[in-house]
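Visitor: Kindly generate the corresponding structure for this input.
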Amino acid sequence: MSSKRISKKELKEDAFVSGAFEASHFVQEHMSKIIGGIIGVLVLLGLGWMYVNFRTETQSDASVAMFKAEGLYLNRQYALAASDFENIADDYSGTNQAGKAVYFAADSYFKAGDFDRAMELFGRFVDDTGSDDPLMVNVLVGIGACHEQFEEYPKAIDTYTRALDSAPFEFQKIEVLSCLSRAYRLSGDNDQAIATLSQIIDTYPDNPRNGEFIEIRAELKAAKQAG
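Guide: Numbering: from 1, shown residues only. This is a model prediction of the structure:
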């Protein structure tokens, strides 16, 4: 039995049927492209999921590694901590922990007495990180402290001044001013050292370290009068 062939004229009488017919024809004609497009979308979605999953797993692994390294740091095993932090910075580059690891590696090397390596890593942090990073003040203080160890006091003073300008919090300003006063003292500029200590004492009268700063200032004034 022959089947009745439906003409396009008849199909046009029904807009819905016509649309279905045209869509069916389009699908049949372009099936390979449609399937390829679907596969492409699925591949992209799959790659996106894999990337997010990889990032999550990497962040998790980096967090575990940071926890172990921080344990060494807190136990004052600075040489071991420095090595672990540096490995984290290299192995988990791009994670939130990597930038922190660079800072803590530098600080650990400094505390372990390796000032050259500390300076290199503090510099790496500055190069790799934006100036608005919360750790930047700490890094600048670290660089200033390295300059002190190298007896490069003018550079230390300059770096501490930059840190002071960047410090948003009172406790940071007090710490940086303390470092700045020390650098002036070591450079032989006792007048500036005294002025900086007075700035701390007068600006932050409730600072619990003021007794220490008043004593140092008195010693510097006595030395100045004696000399």
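
Visitor: Helices of the protein, residue ranges please.
Guide: 8-12, 15-29, 31-74, 78-91, 96-111, 115-128, 136-149, 153-166, 170-187, 190-203, 210-226 (DSSP state H).

Visitor: Now mean neighbour count and mean pLDDT too, for the ones you listed, in CSV please.
Guide: Where you see a C-beta, it was placed from the backbone N, CA and C, and this is true even at glycine. Formatted as CSV, those follow (neighbours: other C-beta atoms under 10 Å; pLDDT from 0 to 100):
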stretch, mean neighbour count, mean pLDDT
helix 8-12, 11, 43
helix 15-29, 11, 45
helix 31-74, 12, 61
helix 78-91, 20, 95
helix 96-111, 23, 93
helix 115-128, 18, 96
helix 136-149, 22, 96
helix 153-166, 19, 97
helix 170-187, 20, 96
helix 190-203, 17, 97
helix 210-226, 13, 94
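
Visitor: Not counting its neighbours along the chain, what's nearest the residue most central in space within the chain?
Guide: Centroid-nearest residue in the chain: residue 99, 3.9 Å away (criterion: C-alpha atoms, centre = their mean). Nearest residue to residue 99 in three dimensions, chain neighbours excluded: residue 129, at 5.6 Å (C-beta to C-beta, 6 or more residues apart in numbering).

Visitor: Could I get the contacting residues of residue 118?
Guide: Taking C-beta atoms under 8 Å, 6 or more residues apart in numbering as the criterion, residue 118 is in contact with 106, 107, 109, 110, 142, 146.

Visitor: Apart from its neighbours in sequence, what residue is nearest residue 161?
Guide: residue 180 (6.8 Å).

Visitor: actually residue 76, not the one I wrote
Guide: Here the residue nearest residue 76, using C-beta to C-beta, 6+ apart, is residue 111, at 7.7 Å.

Visitor: Brilliant, that's me finished.
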